[in-house]
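In: Predicted model, plus sequence, below.
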Amino acid sequence: MSNLHGDHNLKVDYVFKVVLIGDSSVGKSQLLARFSRNEFSMDSKATIGVEFQTKTLVIDNQTVKSQIWDTAGQERYEAPLPL
């Protein structure tokens, strides 16, 4: 498995769209940061609205693009997500 950076002309075999939902302050944003950037912060701020990250990997000679959406986790920010 390898990570690809900046190759926009690459043929993508699979695209996965994932929405992280759950209560506030359970670690949705940290899960996204760890997967997409291999980062973790104990001092992260609450998500307002919705954020997303993409990451493209090659797994068994197949190019897999993931688009991961991080929700705020509060009912007042709930909105339909484009899937």
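Out: On my side now, so go ahead.
In: Phe35 versus the most centrally placed residue in the chain, what's the distance?
Out: Closest residue to the average C-alpha location of the chain: Ile68 at 2.7 Å, with CA atoms, centre = their mean. Applying CB to CB, to the nearest Å, the value for Ile68 to Phe35 is 7 Å. C-beta here means a position set from N, CA and C on the backbone, and glycine is covered the same way.
In: Need the overlap of contacts for these two.
Out: Contact criterion CB atoms under 8 Å, 6 or more residues apart in numbering; residues shared by Ile68 and Phe35: 53, 55.
In: hang on, the earlier thing: mind listing what the helix or strand hosting the residue nearest to the centre of the chain pairs with, with the direction of each?
Out: Take DSSP states H and E as the rule and Ile68 turns out to sit in strand 62-71. Using DSSP bridges, the strands paired with strand 62-71 in its sheet are strand 14-20 (parallel), strand 50-59 (antiparallel).
In: what's the most buried one of those?
Out: Stretch with highest mean neighbour count among these: strand 50-59 (a mean of 15; mean count of other CB atoms under 10 Å).
In: Quick check: mean pLDDT of that one?
Out: Across strand 50-59, the average pLDDT comes to 90.
In: How about Lys11: what's its closest non-neighbour residue?
Out: Among residues not flanking Lys11 along the chain, Thr63 sits closest, at 6.3 Å (CB to CB, 6 or more residues apart in numbering).
In: The one you found contacts Leu10, correct?
Out: Yes. Using CB atoms under 8 Å, Thr63 makes contact with Leu10 at a distance of 5.8 Å.
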